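S.K.: kindly return the folded structure for what I paste below:
(one chain, ligands or ions: 2)
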Amino acid sequence: MSQPSTQRTLVLLKPDTVRRGLVGEVLSRFEAKGLTIVAMEHRTIDASVADQHYAEHVERDFYPPLRDFVTSGPLVALVLEGDEAIEVVRALNGSTDGRKAAPGTIRGDLSLSNRENLVHGSDSEESAARETAIWFPHLA
Ligand code: RTP
Ligand code: MG
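M.R.: Ligands and ions are numbered 1, 2, ... in the order given. Sure, this is the predicted structure:
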């Protein structure tokens, strides 16, 4: 059997989570799973931070409204740690479109949108390292 691999992942509770008063609900799901919060910050970002975070998407048609959304109000950025944390967080988050995400997931239970889908989770170790350097440079 392979050894468990402790990972860190960069998570955002996007502005819809804060606006809808769901920070506690969403955080409690990550904590209940057994993930550890190693950094957390409430902040409002400008377009340049959004462009860095979503560098892979800046040329996409859906990016301008996504940038408007993620800069529309405060969000909560955090780093979570635990065994296989990257994949575990993405499983808890559910698939991108809240309308199609499985019940039991954060998006499946709480979002009806393909854009305002409450959470972000890094999609690989490389992304986690890149994104952590943007949000929490002291941890990178
Ligand atoms: P995330 O990066 O936020 O964890 O979400 P994800 O991997 O499931 O989705 P991704 O493809 O990376 O897209 C990033 C975010 O862009 C918004 N989006 N809008 N067609 C659209 O209108 C569209 N597609 C994606 C969502 O907020 C998505 O989470
Ligand atoms: Mg993504």
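S.K.: next one: Arg107 from Leu139, what distance?
M.R.: Between Arg107 and Leu139 the distance, using Cβ to Cβ, to the nearest Å, works out to 26 Å. Quick note: C-beta positions are derived from backbone N, CA and C, even for glycine.
S.K.: between the two, which one's more packed in?
M.R.: More neighbours surround Arg107 than the other of Arg107 and Leu139, with 24 against 13 (other Cβ atoms under 10 Å).
S.K.: name the residues that touch the helix or strand where that one lies?
M.R.: Using DSSP states H and E, Arg107 falls within helix 106-110. Helix 106-110 has contacts (Cβ atoms under 8 Å, 6 or more residues apart in numbering) with 22, 25-26, 29, 92-98, 101-103, 117-119.
S.K.: which of these are buried, as a ChimeraX select command?
M.R.: To isolate the buried members of these in ChimeraX, using 16 or more other Cβ atoms under 10 Å:
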select :22,26,29,92,93,94,95,98,101,117,118,119
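S.K.: out of the contacts of helix 106-110, which are close to ligand 1?
M.R.: By Cβ under 6 Å from any ligand atom, the members of these lying near ligand 1 are Thr96, Asn117.
S.K.: so who does the closest residue in space to Asp46 that isn't next to it in sequence touch?
M.R.: Nearest non-adjacent residue to Asp46, counting by Cβ to Cβ, 6 or more residues apart in numbering: Thr71, 6.2 Å away. Counting by Cβ under 8 Å, 6+ apart, Thr71 touches Thr44, Ile45, Asp46, Ala47, Ala50.
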